[in-house]
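Quick one, what's the 3D model for this:
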Amino acid sequence: MSLLSARNLSRSYDRAPLLGRGRPHRVLDGVSLDIAPGETVALLGRSGCGKTTLARMLVGLDRPDAGEVLFEGQSLARLPKARWQDLRRTVQMVFQDPVGAVDPRATVGDVLAEPLRNLCGLSPAEIRLRIAELLSAVELGPEAVGRYPHQMSGGQLQRVCIARALAPQPRLVILDEAVSNLDVHLQIRMLELFAELRRARGVSYLFVTHDLRLVERFCSRVLVMDTGRIAEDAPAALALRSPAGRALQEAVLPAWPLAGRLPPVGDLCDPSALADRRQIAR
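Below is the predicted model:
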């Protein structure tokens, strides 16, 4: 059984023109997908194709106009309150904008403690220990605990958001451009961390991106989105065939530096071997 599934999701938003009445803009149009336990899937597409809207629906932060999201075979629309706690603990998301994803009045320690307290029920001593482990995992020192978001760089804050997503030991992490603002060294380290969690605990990932270099290094399967639809579902190691996929492959991208430091994609990812974010933390 799939860990998380989407069935024929559609979503439109009203436009607000300067004059007159605008037509609804369809962002998703009959999208279906499945993510199996231990699988690493890329959701690839140009900016504005609906990737982030789909990701928000998968974690219950937005509702479709039609279709449904299934968590372990059960529709989110009919999910009992007790099961929502399971969903929050099992499925975590790292948002594209780290600044907007955290409370500016909270310290890093507070940000990381929230899911540990609300989703895991740890004691204060256990929370302090787990926070130290999480900061070390994302290569931040213990001094970061007392810092506020404005005292950190964008890359540091993104690593805090990654640590927060990993805090309740989820089984699926949705990464929405989660490493795009990190330097090359940290991108490699975070991918190695994600791969180790997949190997050790069978963690699944939905890697939302437009960067084919990361897809080739990290993912075993790729979904190509175009104008609100899934245009292609293919193994990441193969050449994409859809027009949208070929357009992305043919885009001019710089070579991936330090490529030799990462193992091949098969070794990494073979599936066989502010208010929104706080809502997930609760």
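
just the helices in this protein please.
All helices of the chain, identified by DSSP state H, fall at 51-58, 81-90, 108-118, 124-137, 154-166, 184-201, 212-218, 243-249, 265-269, 275-281.

and these as CSV, adding mean pLDDT, mean neighbour count and distance to residue 172?
All C-beta spots, glycine's among them, are computed from the backbone N, C-alpha and C. Listed next are the helices of the chain as CSV, based on pLDDT from 0 to 100; neighbours: other Cβ atoms under 10 Å; distance: least, Cβ to Cβ, whole Å:
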stretch, mean pLDDT, mean neighbour count, distance to residue 172
helix 51-58, 94, 23, 9
helix 81-90, 91, 15, 6
helix 108-118, 96, 22, 15
helix 124-137, 96, 16, 18
helix 154-166, 95, 23, 10
helix 184-201, 91, 17, 11
helix 212-218, 80, 20, 15
helix 243-249, 77, 16, 24
helix 265-269, 41, 18, 14
helix 275-281, 56, 18, 12
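
Kindly reformat the ones you listed as JSON lines and extend each row with distance to residue 230.
Putting these into JSON lines (distance: least, Cβ to Cβ, whole Å) gives the following:
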{"stretch": "helix 51-58", "distance to residue 230": "9"}
{"stretch": "helix 81-90", "distance to residue 230": "23"}
{"stretch": "helix 108-118", "distance to residue 230": "30"}
{"stretch": "helix 124-137", "distance to residue 230": "33"}
{"stretch": "helix 154-166", "distance to residue 230": "24"}
{"stretch": "helix 184-201", "distance to residue 230": "23"}
{"stretch": "helix 212-218", "distance to residue 230": "15"}
{"stretch": "helix 243-249", "distance to residue 230": "10"}
{"stretch": "helix 265-269", "distance to residue 230": "20"}
{"stretch": "helix 275-281", "distance to residue 230": "24"}
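
Among the ones you listed, which comes closest to residue 177?
Checking these against residue 177 by Cβ to Cβ gives helix 51-58 as the closest, at 8.4 Å.

which outside residues touch the closest one?
4, 6, 9, 11, 27-28, 31, 43, 45, 62-64, 69, 91, 93, 96, 174, 176, 206, 208, 225, 276 (Cβ atoms under 8 Å, 6 or more residues apart in numbering).

Looking at the helices of the chain, which is nearest to residue 235?
helix 265-269 (9.6 Å).

Having no further points to raise, I will conclude here.
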